[in-house]
Structure formats: C-alpha cells, structure tokens
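> The following block contains a protein sequence and its predicted model.
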Amino acid sequence: MSIFEILMLICWGSAWPFSIHKSYTSRSTKGKSLVFLLIAWSGYVFSILHKVFYSYDYVIYLYITNMTMVSIDILLYLRNSRLQRTEST
C-alpha cells in the first residue's frame, strides 16, 4: 500500500461527485465523453483485478468507490442521451 496511491485515488475520486451532480442536474451530455468514462471505468476494473490477484490491500475499496461513481456517471450519460433524443423529436 502506497500513500501516493491513496492520495491519487482520493484526489481523482473527489472529482466524480461533481461530475455526477453536473450530469444529474444538467440533463445533458454536453461536455461529457462516453469514451472517456468507459476508459476510466476500465482502468478501475483493471486496478481492482490487480489488487485482487497480486497486491490485495484496503486501497481496493477506494478503487471500488471510484468505479461505482464512474458507473453512476455512465448511467446518467445514457439517461441524458436518451432525454436529448426524445426532446429533439
């Protein structure tokens, strides 16, 4: 377990609640990238797998928390995309 890994996850993870709030309240995909969200989500999945198979420690819970927030943002992106399509018709 590295203090730098923990600090990186805390810093990176602190941005997700703001992103989720923006996605939820704006009801728009403007300024969002599904590709970016999927890449970030994949990075968390691979990090969790690394922790499970090679270096298990309690930092895994930070990865799981961050991955959960990215998952929420992805779901909101999909919702907002659907809302935008229905509004434009």
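Sure, I can see it.

> Distance check, the residue of the chain positioned farthest from its centre against Tyr63.
Relative to the centre of the chain, and counting by C-alpha atoms, centre = their mean, the farthest-placed residue is Thr89 at 30.1 Å. As defined by C-beta to C-beta, to the nearest Å, Thr89 lies at a distance of 40 Å from Tyr63. From N, CA and C alone the C-beta is placed, and that goes for glycine too.

> And for Ile10?
To Tyr63, Ile10 is 12 Å away according to C-beta to C-beta.

> tell me, how many neighbours does Ser88 end up with?
Neighbour count of Ser88, defined by other C-beta atoms under 10 Å: 6.

> which residues in the protein form helices?
3-26, 34-53, 60-87 (DSSP state H).

> Would you mind finding the most buried of these?
Highest mean neighbour count of the helices of the chain: helix 60-87, a mean of 16 (counted as mean count of other C-beta atoms under 10 Å).

> I'd like to know which elements that helix is packed against.
helix 3-26, helix 34-53 (3 or more C-beta pairs under 8 Å, 6 or more residues apart in numbering; DSSP states H and E).

> between the shortest one and helix 3-26, how big is the angle?
Counting by axes from the mean of the first three to the mean of the last three C-alpha atoms, to 10 degrees, helix 34-53 lies at 140 degrees to helix 3-26.
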